[in-house]
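Undergrad: take a look and give me a structure for this.
(2 chains, ligands or ions: 2)
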Amino acid sequence: MAGLIDIRGLGLAYERDGQVTQVLAGLDLTIERGEFVAIVGESGVGKSTLLRVLIDLAKPSAGTVRFHAADRPPETRRLSPMALVFQDSRLLPWRRVLSNVAFGLEWRGIGKAERSRRAQAMLDLVGLGDLGQRWPHQLSGGQRQRVSLARALAVEPDVLLMDEPFSALDSFTRESLQDELLRIRAATGRTVLFVTHDIDEAVYLADRVIVLTGRPAGIGAELRVGLPQPRRRRDAALADVARQLRMELSQRSAEL
Amino acid sequence: MNSVSRTALAAVGLVAFLAGWEALPRLGLLNPVLVPPPSAIPPAFLREITSGVWLTAVLSSLSHYTTGLLVGAGLGILLGIAAGMSAIFDNATAWIVRLVRPIPGLAWVPFAIIWFGVEPAAAVFIISIAVFWIVYFATQGAVRGVDRDLVEVARAFGFRSAGARLIKILLPAATPGIMVGLRTALGQAWMAVVAAEIFGVPGVGQRMMQASSLLSSDIVLVYMLTMAGLYGVIDTGFVAAQNWLLRWRA
Ligand SMILES: Nc1ncnc2c1ncn2[C@@H]1O[C@H](COP(=O)(O)OP(=O)(O)OP(=O)(O)O)[C@@H](O)[C@H]1O
Ligand SMILES: [Mg+2]
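TA: Ligands and ions are numbered 1, 2, ... in the order given. All right, here's what the predicted structure looks like:
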C-alpha cells in the first residue's frame, strides 16, 4: 500500500539574481497515515523548505510529491488537507483569537455559527477556551503558539505540519506544549510532520526521526523510536535513542 | 507639570491673547475695521445665524467637503491598492504619476471652471484632487509594506486568489497606513474647500470673500472660527473612529 505522502526524487532550487542554490536533491520519503515523523538537521539544511514544498508554498524543481488525501464531505472539500504551524505563531493581529482559529474555515458552505463552534472546540482542545475574545497581542508566546496550533487543527487536516513550533518558548512552556501535542495527537489520530533542531524533543515525540543532511540536502539517516507512548522524559531507553541519533548526525556532518 | 496646572496655564495664555487682541483696537492702536476685537465676533455670529446665511453656507461647504473627500479618497484607495498590488500597474503609471503629481491642486481651478462652471461640481473636483494624491500614496505604501509572512499564512490555508489576498490580509493589514493618509486628507480637504469656494461656488469661502469686499472683517472672522470648529469636530470624530477600528493594536 502506498503511504499517505509519497515523495520521490524531490529537488528544489532557489534562484536569486541569476544565482541558483540547490537546497534539496533526490529526496525520497514515505509518510504513513497516523505517523508522527520528526525531521531534524542543522540550521539552513532545508527543513522549512521541505514543509513549504509539501504545503505548496514553494514549487519543486524536480521529483514528485504524491498525496493521498482522505475523502472529505463536500462542504469541506475546499479546506486545506495540510495545515502548517509556523515557528513564529503568525496570528493575524487584527482578528480576535477565536476569529484567528476560524481563519482556515472561511469558505462558502460553512456558516458563521458553524465556524465559531468549531473554532471554539479547537480553542477548548488547546486549553484556551476562555480567551477567544482577546487580541493576539494580549497573549503570551506560549498561548500564541497554542492558538496557532488550534488554527491548524481547525481545518481537520490530513497532515499537520509543524515548523519548530516550540523552539522560541522557555523550557517549561515547551515541555507542557509537547505533552499537549501528544495528547491531542492521541485524541485525533492526526499524521504529524514535526521539524525541530532539538534531538531530545524529536525522540520524545516521534515514532520516526528523519535526519536531513548534505548540501543539497537529502535524507542522511532514519531512525525508528521503538518506544510506546506515553514516554517518560529522561528515560534511559529514550536517552539511548537520542545518543544514537546524535552519533548519526555527527557522522553525517563529518562525511561532508 | 501635572495636567491641572498645564490646563490652567493654557487657559491663562488664551485669556491673555484675547485680552491683548481686544485692547489693541480699543486703544486706537489698530484700526478696528482691519482688526475687529474679539468682542465683535459674537454679535456678528448671531446676525449670520438669525439671517440663515450661516447655516446655508456651512451646509453647502460641508456637502462639497464630504463629496470631494469621498470621491478623492475612494479613487485614491482604489488606485493605491492597484499600484500596491500590481507591479505592472505601478510601472505603467510611474511616469504619468510623475508628470501629473507635481501640479498644485489650485492649478486645476481654471479647468474646473471650464469643465464644470462655477458650480458645486467644480469645488468637488478641486477638493478631490487635493485628497486623491495623499490617499493614493498612503494606500500604495501601506499595501506594499504588508508583511509577506502574513500573506503566506493566507496562502498556506488555501486562500490564493488576488481577491482573497486583498480581503483577508492586505486590506486589514494596510488599514493603519491608509488611516494616516485619510487623516491628513481630512485637513487638506478643508483648505481646498476655501480655495474652491473663493472663486464663487456658494459656501463658506464665498461668504468670506463677500464679507471681505464689504470690509465686514468681523464676519470673515466668524467663518474662520467656524471652519476651525468644524475641522476640530471632524478630526475628533475621525480619531475616535480610527481608535475603534485599530483597537487590535497594542
Ligand atoms: N527564498 C529563498 N531564496 C533563496 N534561498 C533561500 C530562500 N529561502 C531559504 N533559502 C535557503 O535555503 C536553505 C534552506 O533554508 P531553510 O529555511 O529550509 O532551512 P532550515 O533547515 O529550515 O533552517 P533553520 O533550522 O535555520 O530554520 C538555506 O540555505 C537558505 O539560505
Ligand atoms: Mg526553518
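
Undergrad: please enumerate the strands of the stretch 51-200 of chain A.
TA: All strands of the stretch 51-200 of chain A, identified by DSSP state E, counting those that start in this stretch, fall at A:62-67, A:82-85, A:159-163, A:191-195.

Undergrad: do you know how far whatever residue of the stretch 51-200 of chain A ends up closest to ligand 1 is from B:Ala156?
TA: In the stretch 51-200 of chain A, the residue found nearest to ligand 1 is A:His197; the distance is 5.4 Å by Cβ to the nearest ligand atom. Where you see a C-beta, it was placed from the backbone N, CA and C, and this is true even at glycine. For A:His197, the distance to B:Ala156 (Cβ to Cβ, to the nearest Å) stands at 21 Å.

Undergrad: which one's more surrounded, the two?
TA: For A:His197 and B:Ala156, the more surrounded residue by other Cβ atoms under 10 Å in any protein chain shown is B:Ala156, and the numbers stand at 24 against 15.

Undergrad: for B:Asp218, see how far away B:Gly205 is.
TA: As judged by Cβ to Cβ, B:Gly205 and B:Asp218 stand 17 Å apart.

Undergrad: which one of the strands of the stretch 51-200 of chain A is the most hemmed in?
TA: Of all those, strand A:82-85 has the most neighbours on average by mean count of other Cβ atoms under 10 Å in any protein chain shown, namely a mean of 26.

Undergrad: which other helices and strands contact that one?
TA: helix A:141-154, strand A:159-163 (3 or more Cβ pairs under 8 Å, 6 or more residues apart in numbering or on different chains; DSSP states H and E).

Undergrad: would you turn these into TSV with mean pLDDT and distance to chain B?
TA: Shown next, in TSV, are those (pLDDT from 0 to 100; distance: least, Cβ to the nearest Cβ, whole Å):
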stretch	mean pLDDT	distance to chain B
helix A:141-154	92	8
strand A:159-163	94	9
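
Undergrad: among the ones you listed, which is nearest A:Ala25?
TA: With Cβ to Cβ as the criterion, A:Ala25 lies closest to strand A:159-163 of the helices and strands packed on strand A:82-85, at 20.7 Å.

Undergrad: any bit of the closest one sitting next to ligand 1?
TA: No: against ligand 1, strand A:159-163 shows no contacts by Cβ under 6 Å from any ligand atom, the least distance being 7.1 Å.

Undergrad: which residues are in contact with that strand?
TA: Strand A:159-163 has contacts (Cβ atoms under 8 Å, 6 or more residues apart in numbering or on different chains) with A:4-5, A:31, A:47-48, A:51, A:54-55, A:81-87, A:149, A:152-153, A:190-195.

Undergrad: what sits up against stretch A:39-46?
TA: Contacts for stretch A:39-46 (Cβ under 8 Å, 6+ apart): A:12, A:23-24, A:47, A:50, A:193-199, A:202, A:209-217, A:220, A:245, A:249, A:253.

Undergrad: list the contacts of B:Leu245.
TA: The contact partners of B:Leu245, by Cβ under 8 Å, 6+ apart, come to B:175, B:179.

Undergrad: quick check, pLDDT for it.
TA: B:Leu245 is assigned 93 on the pLDDT scale.

Undergrad: cool, and A:Glu75?
TA: 69.

Undergrad: before we move on, what about the one 4 residues further on?
TA: Reading off the per-residue confidence, A:Leu79 sits at a pLDDT of 78.

Undergrad: how about the helices in chain B?
TA: Here chain B has its helices, by DSSP state H, at B:3-26, B:41-50, B:53-85, B:87-100, B:109-116, B:120-144, B:148-156, B:162-165, B:171-198, B:204-213, B:217-245.

Undergrad: what's the most buried one of those helices?
TA: Using mean count of other Cβ under 10 Å, helix B:120-144 ranks as the most buried of these, with a mean of 24.

Undergrad: so which residues on chain A come close to ligand 1?
TA: Within chain A, the positions near ligand 1 by Cβ under 6 Å from any ligand atom are A:14, A:16, A:21, A:23, A:41, A:43-49, A:197.

Undergrad: what's near enough to touch B:Ile126?
TA: B:68, B:105-106, B:108-109, B:112, B:192, B:195-196.

Undergrad: those residues into TSV, with extra columns for distance to chain A and pLDDT?
TA: TSV is the format used below for those (distance: Cβ to the nearest Cβ, whole Å; pLDDT from 0 to 100):
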residue	distance to chain A	pLDDT
B:Gly68	29	95
B:Gly105	33	84
B:Leu106	38	85
B:Trp108	37	90
B:Val109	41	89
B:Ala112	39	91
B:Ala192	32	89
B:Ala195	37	87
B:Ala196	36	88
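
Undergrad: of the residues you listed, just say which sits nearest to ligand 1.
TA: The nearest member of the contacts of B:Ile126 to ligand 1, counting by Cβ to the nearest ligand atom, is B:Gly105 at 43.0 Å.
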